[in-house]
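Peer 1: take this sequence and fold it.
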Amino acid sequence: AVLIRWMSHYLAMCWLMELKATLTIMADQELGRPETQWQIMTGDARSKQKAEKMLRLIKNPTFWYQNEMCVSLSY
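Peer 2: Below you'll find the predicted structure:
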């Protein structure tokens, strides 16, 4: 069971790395829009705050470096 769980985490990180460019463009576009045109950061204040936190994480180069290191060390 542990092997399957680690394999699923590894595959999820691999997919995340494949989507890096798309996710980064999406985050740039959303964070560059005025609040009235937001498409991702919607809902109540807590939801907007969480979405903004995730978009800023997507734009963080350290986040991608750490994921890349995990994937390469797991391979």
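
Peer 1: would you map the helices across the chain?
Peer 2: With helices called from DSSP state H, the chain shows them at 2-18, 20-32, 45-58, 61-74.

Peer 1: can I get those in a markdown table including distance to residue 39, mean pLDDT and mean neighbour count?
Peer 2: In short, each C-beta sits where N, CA and C put it, glycine included. Compiled in a markdown table, these are given as follows (distance: least, C-beta to C-beta, whole Å; pLDDT from 0 to 100; neighbours: other C-beta atoms under 10 Å):
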| stretch | distance to residue 39 | mean pLDDT | mean neighbour count |
| --- | --- | --- | --- |
| helix 2-18 | 21 | 89 | 11 |
| helix 20-32 | 7 | 97 | 13 |
| helix 45-58 | 10 | 96 | 13 |
| helix 61-74 | 22 | 91 | 12 |
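
Peer 1: dump these to CSV, plus distance to residue 38.
Peer 2: Putting these into CSV (distance: least, C-beta to C-beta, whole Å) gives the following:
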stretch, distance to residue 38
helix 2-18, 23
helix 20-32, 7
helix 45-58, 8
helix 61-74, 22
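
Peer 1: what sits against the residue nearest the centre of the chain?
Peer 2: For the chain, residue 58 is the residue whose C-alpha lies nearest the centre (C-alpha atoms, centre = their mean; 4.4 Å). Going by C-beta atoms under 8 Å, 6 or more residues apart in numbering, residue 58 touches 23, 24, 26, 27.

Peer 1: do you know how far it is from residue 29?
Peer 2: 11 Å (C-beta to C-beta, to the nearest Å).

Peer 1: now swap in residue 10 and tell me
Peer 2: Distance from residue 10 to residue 29, by C-beta to C-beta: 29 Å.

Peer 1: do you know how far the nearest residue to residue 14 once chain neighbours are set aside is from residue 26?
Peer 2: Using C-beta to C-beta, 6 or more residues apart in numbering and skipping the chain neighbours, the partner closest in space to residue 14 is residue 71 (5.9 Å). Distance of residue 71 to residue 26, given as C-beta to C-beta: 21 Å.

Peer 1: same question, residue 48
Peer 2: 16 Å.

Peer 1: likewise for residue 53?
Peer 2: 15 Å.
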